[in-house]
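Undergrad: sequence unavailable; structure follows:
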């Protein structure tokens with residue numbers, strides 16, 4: 001019985017250690033992903049700003065020309 005408990009504890013320790021490694025790898029991959037694609041966020045902001053300016057320009061032109 002004591003051997004069964006000891007083996008169960010050893011298995012749980014091993015599973016916990018493996019789960020901790022998986023979590024660390026996920027954190028690393030998320031950080032890497034954010035660093036690698038930071039330029040995408042900058043581009044999206046620039047596109048949104050240009051779209052907003054063009055939309056305002058269309059409204060102003062519509063008011064002026066009518």
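TA: Thanks, I have it. This one's a predicted model, so the numbers in the text were calculated from it and none came from an experiment.

Undergrad: measure how buried residue 62 is and give me the count.
TA: Per other Cβ atoms under 10 Å, the neighbour tally for residue 62 reads 9. Where you see a C-beta, it was placed from the backbone N, CA and C, and this is true even at glycine.

Undergrad: that one is in what secondary structure piece?
TA: helix 38-65 (DSSP states H and E).

Undergrad: lowest-confidence helix or strand of this structure?
TA: Lowest mean confidence among the helices and strands of the chain (mean pLDDT, DSSP states H and E): helix 2-36, at a mean of 71.

Undergrad: what residues of the helix holding residue 62 count as buried?
TA: For helix 38-65, a neighbour-count test (16 or more other Cβ atoms under 10 Å) marks nothing as buried.

Undergrad: any idea of the mean pLDDT in it?
TA: In this model, helix 38-65 has an average pLDDT of 95.

Undergrad: same for it, what does it pack against?
TA: Packed against helix 38-65 by the contact rule (3 or more Cβ pairs under 8 Å, 6 or more residues apart in numbering; DSSP states H and E) you find no helix or strand.
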